[in-house]
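Visitor: Whatever this is, show me its structure:
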Amino acid sequence: MFMIGVDYPSRDEEIAIAKTTTGQSLPRLEHIMDGAKVLAFQDLVRRVPVPDHIYEFAVDLARKTRPASSEAPAWLKPLVSWGAGPRAVQYLILGAKARAALNGSYMVRLEDVMEVAEPVLRHRVMTTFTAESDGVSSRDVAKRLVEELAKA
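Guide: Residues are numbered from 1 along each chain as shown. This is a model prediction of the structure:
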């Protein structure tokens, strides 16, 4: 669903990791929820309402990533070799629903989709050699598309 970038730990964090994982006994993990509770939360997320204009935004965003599409902006075509498919739309909506629920919102807002767009799209938008040589990543493409579409 998402591609989350995780950087290396800080020096102090790395020391703590080494100390806690190389001793005589490993730290004991305690369950904070069982499978039934996970399924209940998943059901709750799926029940968060989504206005039609949010579905339209998610679909338009994914379609604009496809370089062969007439909907793709001209600047994107030389930078992207493969765009996001329908699964990206599904995950934009589900991610936005989860974000809305976590923030206590009763429905999905445009900001929810905008916040999950980069981690949803970054591994679904394949950049070209031209983009790579210019230092443009799929993250950059996703951010620019979100900004442009939000202004429209």
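
Visitor: just checking, next helix/strand downstream of the top helix by length along the chain?
Guide: As assigned by DSSP state H, the longest helix anywhere in the chain is helix 86-102. Using DSSP states H and E, the helix or strand that follows helix 86-102 in sequence is helix 110-121.

Visitor: How about the contacts made by residue 148?
Guide: residue 73 (CB atoms under 8 Å, 6 or more residues apart in numbering). Bear in mind the C-beta positions are built from the backbone N, C-alpha and C, glycine included.

Visitor: pLDDT averaged over the helix or strand that it is a member of - what is it?
Guide: Using DSSP H and E, residue 148 sits in helix 138-151. The average pLDDT within helix 138-151 is 89.

Visitor: What of stretch 37-45?
Guide: Throughout stretch 37-45, pLDDT has a mean value of 91.

Visitor: Name the surrounding residues that touch that stretch.
Guide: Under CB under 8 Å, 6+ apart, the answer for stretch 37-45 is 33, 94, 97-98, 101.

Visitor: now do stretch 72-88
Guide: Here stretch 72-88 has contacts from 62-67, 69, 120-121, 124-128, 130-131, 134, 136, 138, 141, 144-145, 148, using CB under 8 Å, 6+ apart.

Visitor: okay, now residue 81: neighbour count?
Guide: Using other CB atoms under 10 Å, residue 81 has 15 neighbouring residues.

Visitor: Doesn't it belong to a strand?
Guide: Yes: with DSSP: H, G, I helix; E, B strand; the rest coil as the criterion, residue 81 is located in a strand.

Visitor: Show the pLDDT at it.
Guide: 95.

Visitor: separation between it and residue 56?
Guide: Residue 81 sits 26 Å away from residue 56, going by CB to CB, to the nearest Å.

Visitor: returning to that earlier point: can you mark which positions in the longest helix of the chain are buried?
Guide: Using 16 or more other CB atoms under 10 Å as the test for burial, helix 86-102 gives 88-89, 91-101.

Visitor: got the angle for that helix vs helix 138-151?
Guide: 70 degrees (axes from the mean of the first three to the mean of the last three CA atoms, to 10 degrees).
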